[in-house]
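> My questions are about this predicted structure, shown below with the sequence.
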Amino acid sequence: MNKTVWEKLNEEQMKELMDFNEEYRQFLSRSKTERTFVINSVELLRKAGYRELSETEGALQAGDKVYVNNRGKNLCAFIIGKQDLTKGMNVLGAHIDSPRTDLKQKPVYESNGMVYLDTHYYGGIKKYQWVARPMALQGVVCKKDGTVIDISIGDNPGDPVFGFSDLLIHLSADQLQKPAAKVIEGEQLDLLCGSIPLKGEEKDPVKANLLKILKEKYDIEEDDFISAEIEAVPAGEARDYGFDSSMILGYGHDDKVCGYTSLRALIDSDIPEKTACCILSDKEEVGSMGNTGMQSRFFENVILEMLERNGQGTFRALNQVLSNSAMLSSDVSIAYDPNFPEVMEPRNSAYFGKGICFNKFTGRGGKGGSSDANAEYVARVRRVMEDSGITYQTCELGKVDAGGGGTIAYILANLNMDVIDAGICVQNMHAPFEVVSKADVYEAYRAYMAFVKDMD
Ligand code: MN
Ligand code: MN
């Protein structure tokens, strides 16, 4: 067995590892949605001297630091390198949306003296994991006059929380015989939100009382939910995990852990040879669709605009940039879990503490849907990692035919980029609380720094 990251660190590096992870833990706790992740990322970028591309003028020079915010849910940031942009970029990519439940457009209803907000889940979840636990509401309500009301209830001290109910064990004889996929069904994920009736109101008085509260506190009418995006996410902070605090338990490591480490690596990098880029994309958990997903033309449009600034704004130049670029498409991978050996293949699994992991391919059922990195490119990545003393491992997404998954890698590979899946392994993927090793978080950050600096 290879040594773990832990065994290779001296005292000073150990402190750096713990400090970096504490910054991540706090960032994750206040960045549960793609929108809050973008807001907090922009804050980090601006502190580091990055400016919105539209705030700058003229040709971009080596050392310039720019970003573009796409609709508050998708972000890309660049530090311009010494070489011409058409020589290609080194790209760090990750997604910042996470599985959750979203409020429906007509969510409010009263039943039996209680008022509920109806939801539709987002991404792949085991629904039974999301009941009987505190939930927070985060998102925006967009009003017809253009005002946007930020909603964040359940994560601040003194806030109330919300929740989906489960059936008491005493009456669960039938429920416990159901297959797990049916134990809690999608339409049962309705958030309990109140129980006091509005005095003097005959029809749905508890609903009327909730609407009164929403009007008074947030200036929201019932119809405003039509143009809202409100996510019900697990309430509470990410926490240190284990007696030795070697791990972090938190909501949304998939894939905010790769998003944060990629962004920090870009921010902490010196002027590179090749332009370095960090892409934080939305909608990966539902197929990367839409204008904020990785399939959007947004990223290509931004590069074309940068080329235009330099008098190179042609389709040919855009294709040169894309074809000459290298990417680490980072997404969480599966941490070996001794509780479930039946779906793991130990020689090709990722383990906590063994560093960043590389998946040459993802996919399911015979690598289906995977872009499968070229061996030549994998060799270049290995060289950069080993020259920089990065601890890394390789893995697959479980046993052959046990299941699988996909990432944004193929979308960039389709643009003719060299792309490999990389990332940090997690336990409990897509559960309300996922677990990562701090050693892997730190080592991924170091690996991204090395990639930006040395990939040629
Ligand atoms: Mn993911
Ligand atoms: Mn996922």
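Thanks, I have the structure now. Residues are numbered from 1 along each chain as shown. Ligands and ions are numbered 1, 2, ... in the order given.

> For the nearest residue to Ala335 once chain neighbours are set aside, give me phi and psi.
In this structure, Ala335 finds its nearest non-sequential neighbour in Cys425, 3.8 Å apart by C-beta to C-beta, 6 or more residues apart in numbering. C-beta coordinates here come from the backbone N, C-alpha and C atoms, glycine included. Backbone geometry at Cys425, expressed as degrees, to the nearest 10, gives phi -90, psi 140.

> got the contact list for Cys425?
Contact partners of Cys425, counting by C-beta atoms under 8 Å, 6 or more residues apart in numbering, are 332-336, 350-352, 357, 395, 436-437, 440.

> I believe Asp240 is in a strand; please confirm or correct that.
Yes. Residue state for Asp240 (DSSP: H, G, I helix; E, B strand; the rest coil) corresponds to a strand.

> Around ligand 1, which positions in this protein sit nearby?
The chain has residues 254-255, 331 near ligand 1, with proximity defined as C-beta under 5 Å from the ion.

> before we move on, back to that, so which of the contacts of Cys425 belong to strands?
333-334, 357, 436-437 (DSSP state E).

> From the residues of the chain next to ligand 1, pick the one nearest Lys32.
For these, the residue nearest Lys32 by C-beta to C-beta is Asp254; the value is 12.2 Å.

> Disregarding flanking residues, what is the spatial nearest neighbour of that closest one?
Excluding the flanking residues, the one nearest Asp254 by C-beta to C-beta, 6+ apart is Val332, at 4.5 Å.

> Identify the single longest strand in the chain, thanks.
Max-length strand for the chain by DSSP E is strand 100-111.

> This protein: helices as residue ranges?
5-8, 11-29, 34-47, 180-183, 205-218, 253-267, 298-309, 315-323, 375-387, 409-413, 438-454 (DSSP state H).

> and these, which is most packed in?
Sort the helices of the chain by mean neighbour count, taking mean count of other C-beta atoms under 10 Å, and helix 253-267 sits at the top with a mean of 27.

> same question for that one, mean pLDDT?
On average, the pLDDT along helix 253-267 is 98.

> That one to helix 438-454, inter-axis angle?
40 degrees (axes from the mean of the first three to the mean of the last three C-alpha atoms, to 10 degrees).

> what angle do helix 253-267 and helix 34-47 make?
Using the same axes, to 10 degrees: helix 253-267 against helix 34-47 is 10 degrees.

> Helix 253-267 to helix 11-29, inter-axis angle?
Relative orientation of helix 253-267 versus helix 11-29 (the same axes, to 10 degrees): 120 degrees.

> centre of the chain versus helix 253-267, how much separation?
Chain-centre distance of helix 253-267: 8 Å, with C-alpha atoms, centre = their mean, to the nearest Å.
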